[in-house]
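# Prediction below, plus the sequence it came from.
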Amino acid sequence: MKRMTQKQVALALAAALGSTAAFALPPGDTITTDINAYIGGATAQDGQFENVATSFCLDTPDVYLIGAAGAAGRTITCTLDAAAFGGLNAGNATIAIHKSSTGSSEGVFPVNQPTLGASALNFLTDTSGCVLDSPNLYTCDTSLPNVTLTAQPPDAGLSDVEPSLFTGQNQPGAYSTYSTDFTGLNVVSTNQVLFAPIVNEAFRDALQAVQGLTVGAEDVDNVPSLTTAQLTAIFTGQIGNWNEFLDVNGVAITANPAVTAANLDPQNTEAKVCVRTNGSGTNATFRANIVRQECIAGAPNTLTFSFGNPELVANQSSGLMDGCVDVADNRDSNGNPAKWAIGYNATERNPGPAYGRGDYRFIKVDGVAATSENAVRGIYTYYGEASFQFRGDVATYVDVANGADLSTIYTELASSLATPASLETTVHEWGNTGNLALTANGFPATPNNGFDPSAPVTPWTKSNAAGTNNCIEPRLDGGEVVRIDEN
């Protein structure tokens with residue numbers, strides 16, 4: 001935690017000096033750094049991953065975001081603090097930590113079988129054409145000269161769920177021939193990643209109007225809700241047009257007087273359903289928690305294609321999911337939105353107005369808001385128990401000359417991703433949310449299932465004696481099963 005504080009101070013000093021602050025490392029060919037780490041997988045954890053990775057630096061790190069807000073990945077360059085790892089053979093070496101932003105399965109299958117054809121992911125290796133946005137922070141547009149991506153198999157990866165959940169429909173076609181035997185990986189359960197449904201702002205306001213809430217209000221009491229059954233119906237294609245979605249009086253919500261009077265009804269009533277692609281941990285978490293696919297025999301399949309009614313849009317990353325829902329809010333001269341859109345995302349995204357949030361909002365599930373406090377109390381259960389995995393055979397790493405040091409670095413990364421100190425609480429008007437550390441990893445819980453933003457720890461887990469299993473009912477650490485409606 002001390003190193004993170006030093007980083008923040010350094011960034012503040014750099015800002016005071018203006019955008020010409022010195023680089024931690026000169027922009028250029030990042031593979032000339034002493035060590036190169038290649039990590040694939042979940043985009044929902046990119047914020048926390050960056051916090052942990054930069055905390056290992058002696059100097060102020062340079063962060064290169066590929067695409068807008070790092071939608072396609074990021075590279076972090078700095079000088080490592082060898083003392084943070086109990087010593088490294090390379091000492092205080094320079095490092096480029098490459099993280100692709102794809103989906104959780106790409107932090108699993110390519111790590112498990114790096115020599116197969118689909119295992120190569122694109123990592124940023126030439127940053128000299130990237131544009132400085134603020135001190136030590138760059139945006140890298142791959143259409144510009146001297147912004148180069150190189151295909152490499154990752155040594156390690158992040159996943160929002162355990163590797164074994166990537167079966168059936170959630171094993172993407174690119175990996176259909178890959179082994180699902182993950183015994184060669186070091187798999188570490190890290191933390192809980194909270195998710196919630198998202199809708200464009202006009203749809204949120206319309207739901208507020210229909211549910212008798214204050215339209216446009218952001219506080220928790222006025223966050224509208226959809227039930228698990230409603231969400232299942234939408235995402236399995238049972239509802240393709242919002243005219244089929246009825247209020248308590250049996251009237252289509254698009255024609256509800258409170259909705260039409262406020263010009264909240266969409267110009268096009270076709271449902272826009274934004275999903276993540278198969279193999280995404282965000283997608284796997286939604287299906288395990290809401291639809292129960294891959295968990296219960298006979299559970300309905302989520303949509304994978306459509307020719308209209310609904311309009312299905314599959315997104316490769318969390319950032320693209322943001323945009324998919326956001327763009328539906330485009331208004332005409334009367335204020336009516338283009339469409340009503342719905343999706344799902346990690347709750348660390350799109351915080352309050354101070355962060356320039358988009359035109360979408362999180363909503364409740366079954367009347368419960370996605371706050372950390374509700375998760376710690378055991379009454380909000382839509383989350384994934386995440387993992388970090390890396391190969392045990394260091395001879396297979398891309399930067400094989402530093403294989404032993406990289407194994408040490410990956411071990412520390414996994415441990416740090418699990419610690420409460422690495423987790424930042426995201427503040428929305430409706431409450432505090434974000435990732436939660438696990439008492440199952442040895443961290444003390446706040447008494448009486450309370451929530452401490454400075455030490456976000458939960459006693460609830462989706463692990464048992466056999467390991468992490470995101471299909472099981474959450475249980476209190478120690479094996480006691482408690483029905484979630486008893487708290």
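Arrived safely, thanks for sending.

# Tell me where the stretch 51-200 of the chain has helices.
109-112 (DSSP state H, counting those that start in this stretch).

# Extract the residue ranges of it that are flagged as low pLDDT.
Judged by pLDDT under 70, the stretch 51-200 of the chain has no weakly predicted residues.

# ok, which stretches of it are strands?
62-66, 73-79, 94-100, 121-126, 131-134, 137-140, 148-152, 156-159, 185-200 (DSSP state E, counting those that start in this stretch).

# what about the ones you listed, which gets the closest to Val376?
strand 185-200 (9.7 Å; C-beta to C-beta). Any C-beta I mention is one placed from the backbone N, CA and C, and that applies to glycine too.

# Check the offset of that closest one from the chain's centre.
Chain-centre distance of strand 185-200: 6 Å, with C-alpha atoms, centre = their mean, to the nearest Å.

# Same check on stretch 242-262?
33 Å.

# Can you give the contact residues for it?
For stretch 242-262, contacts defined as C-beta atoms under 8 Å, 6 or more residues apart in numbering pick out 205-207, 209-210, 215, 230, 239, 265-266, 269-271, 340.

# can I get these in JSON lines with distance to Phe195 and secondary structure?
Output for the contacts of stretch 242-262, formatted as JSON lines (distance: C-beta to C-beta, whole Å; DSSP: H, G, I helix; E, B strand; the rest coil):
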{"residue": "Asp205", "distance to Phe195": "22", "secondary structure": "helix"}
{"residue": "Ala206", "distance to Phe195": "22", "secondary structure": "helix"}
{"residue": "Leu207", "distance to Phe195": "18", "secondary structure": "helix"}
{"residue": "Ala209", "distance to Phe195": "25", "secondary structure": "helix"}
{"residue": "Val210", "distance to Phe195": "24", "secondary structure": "helix"}
{"residue": "Val215", "distance to Phe195": "25", "secondary structure": "coil"}
{"residue": "Gln230", "distance to Phe195": "16", "secondary structure": "helix"}
{"residue": "Ile239", "distance to Phe195": "21", "secondary structure": "coil"}
{"residue": "Asp265", "distance to Phe195": "28", "secondary structure": "coil"}
{"residue": "Pro266", "distance to Phe195": "25", "secondary structure": "coil"}
{"residue": "Thr269", "distance to Phe195": "27", "secondary structure": "coil"}
{"residue": "Glu270", "distance to Phe195": "25", "secondary structure": "strand"}
{"residue": "Ala271", "distance to Phe195": "20", "secondary structure": "coil"}
{"residue": "Trp340", "distance to Phe195": "20", "secondary structure": "coil"}
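
# Quick check: which of the residues you listed has the minimum pLDDT.
pLDDT across those is lowest for Ile239, at 92.

# tell me which element the residue nearest to that residue when sequence neighbours are not counted falls in.
In space, Ile239 comes closest to Ala233 once its chain neighbours are excluded; the distance is 5.1 Å by C-beta to C-beta, 6 or more residues apart in numbering. For Ala233, the element it lies in under DSSP states H and E is helix 228-235.

# how far does that helix sit from the chain's center?
Worked out by C-alpha atoms, centre = their mean, helix 228-235 lies 21 Å from the chain centre.

# Stretch 197-204 too?
19 Å.

# got the buried residues for it?
Of all the residues in stretch 197-204, those buried under the rule 16 or more other C-beta atoms under 10 Å are 197-204.

# related to what we said a few turns ago, ChimeraX command to pick out the buried ones of the contacts of stretch 242-262?
Restricted to buried positions by 16+ other C-beta under 10 Å, the ChimeraX selection for these reads:
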select :205,206,207,209,210,215,230,239,265,266,269,270,271,340
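
# what's the closest of the contacts of stretch 242-262 to Thr139?
For the contacts of stretch 242-262, the nearest to Thr139 is Trp340 (31.1 Å; C-beta to C-beta).

# ok, now how distant is the closest one from Ala328?
7 Å (C-beta to C-beta, to the nearest Å).

# Roughly how far does Glu294 sit from Tyr382?
Applying C-beta to C-beta to Glu294 and Tyr382 gives a distance of 16 Å.

# and what of Ala252?
27 Å.

# Compare the two (neighbour count), which wins?
Counted by other C-beta atoms under 10 Å, Ala252 and Tyr382 do not tie: Tyr382 has more neighbours, with 22 against 16.

# ok so, going back, could you dump the strands of the stretch 51-200 of the chain into JSON lines with distance to Ala440 added?
Listed next are the strands of the stretch 51-200 of the chain as JSON lines, based on distance: least, C-beta to C-beta, whole Å:
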{"stretch": "strand 62-66", "distance to Ala440": "31"}
{"stretch": "strand 73-79", "distance to Ala440": "29"}
{"stretch": "strand 94-100", "distance to Ala440": "26"}
{"stretch": "strand 121-126", "distance to Ala440": "30"}
{"stretch": "strand 131-134", "distance to Ala440": "38"}
{"stretch": "strand 137-140", "distance to Ala440": "35"}
{"stretch": "strand 148-152", "distance to Ala440": "33"}
{"stretch": "strand 156-159", "distance to Ala440": "17"}
{"stretch": "strand 185-200", "distance to Ala440": "7"}
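
# any idea which of the ones you listed is most buried?
Neighbour counts (mean count of other C-beta atoms under 10 Å) averaged over each of those peak at strand 156-159, with a mean of 31.

# Which neighbours in the sheet does that strand have, and how are they oriented?
strand 35-41 (parallel), strand 383-391 (antiparallel) (DSSP bridges).

# Any idea which of the ones you listed gets closest to Phe123?
Closest to Phe123 of those is strand 35-41 (C-beta to C-beta; 5.8 Å).
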